[in-house]
Structures are given as C-alpha cells and as structure tokens.
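Engineer: From the sequence below, what's the structure:
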Amino acid sequence: MGFYCRSRRPVRAGYNGAEDRQGADAMARRTTGSNGKPRFAVLGAGNVGMAFAGHLALKGFEVALYDRDPARIQPIEASLEVHVVSDRPDLPQGRARLALATTHLGEALAFAEFAMVCVPCT
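Structural biologist: Numbers count the residues shown, from 1 in each chain. Here you go, the predicted model:
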C-alpha cells in the first residue's frame, strides 16, 4: 500500500501579481469544497481506501472514491456512504457521506485537489 499526495495548484518561483492570483483563485474555486476545505480523491476502494475515504469524510472533507472494479464501487455508489468503525474512541466513527463514487479515474481526479493512492504496490 502506498500514499501519494499531489496538488493541482500551480507552483511558481515568483509571484506575478494579479495574473497569478486570478489563476490561483480559479483553481481554488474548482477544487475546494463548499465548506472551504480541499477536496480529496481516494484511489482504491479496498480496506485502506475505504477507511481513508470514510475518515476524511467524517472530518468534514468532500471525498471522491475511485476503484477500477465496478463490483467494489456499485454498492457505495448507490448510497454514497461508508460505515467507519474503530475500537479507539479518539478516532472518528459513523456513517461517512462521500461526494462521489466512480469507476472513472478522470472524474475522480477532476473533482479533487489532492489524490491519495491506496492500492497494493505489486
């Protein structure tokens, strides 16, 4: 399993005034959720991906869950919910509402500012 984080915000050596600010504002509007927090795409709906997507959603982030296997996504796609259970009381638990569940990688990546890859290394 591996985790990877990428930002779609432009990285520049210097600040070029209004032009840079407009571009950054447009990117933030497109990839920031209605609550002002960044959006996440969790790639992989296995044990780690489901737990991670649920945890992020319970923490108030908008989350898209992607898996290439329709059998994994279809049950989630119907309800857009993941049930998070833990034996540790300090961790969030409950039914987490996802923003999107899909088998289309491009759709998940277009939704999010950050992509978390939760798939086996082999």
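Engineer: center of this structure, which residue is that?
Structural biologist: With distances taken as CA atoms, centre = their mean, Phe40 lies nearest the centre of the chain, 2.1 Å away.
Engineer: which residues pair with that one across the strands?
Structural biologist: Note on Phe40: beta-bridge partners by DSSP bridges are Val63, Phe114.
Engineer: could you pull out the strands for the chain?
Structural biologist: 40-43, 63-66, 81-84, 94-97, 100-102, 114-117 (DSSP state E).
Engineer: With distance to His55 and mean pLDDT added, can I get these in a markdown table?
Structural biologist: The way it works is simple: take the backbone N, C-alpha and C, and place the C-beta from them, glycine included. Listed next are these as a markdown table, based on distance: least, CB to CB, whole Å; pLDDT from 0 to 100:
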| stretch | distance to His55 | mean pLDDT |
| --- | --- | --- |
| strand 40-43 | 10 | 97 |
| strand 63-66 | 9 | 97 |
| strand 81-84 | 6 | 94 |
| strand 94-97 | 8 | 95 |
| strand 100-102 | 16 | 96 |
| strand 114-117 | 11 | 95 |
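Engineer: Would you mind giving the ones you listed as a markdown table with distance to Ile73 added?
Structural biologist: Formatted as a markdown table, the strands of the chain follow (distance: least, CB to CB, whole Å):
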| stretch | distance to Ile73 |
| --- | --- |
| strand 40-43 | 12 |
| strand 63-66 | 7 |
| strand 81-84 | 12 |
| strand 94-97 | 15 |
| strand 100-102 | 5 |
| strand 114-117 | 16 |
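Engineer: can you tell me which of those strands comes nearest to Ala51?
Structural biologist: strand 81-84 (6.8 Å; CB to CB).
Engineer: neighbouring strands for that closest one, and are they parallel or not?
Structural biologist: Partners of strand 81-84 in its sheet, by DSSP bridges: strand 94-97 (antiparallel).
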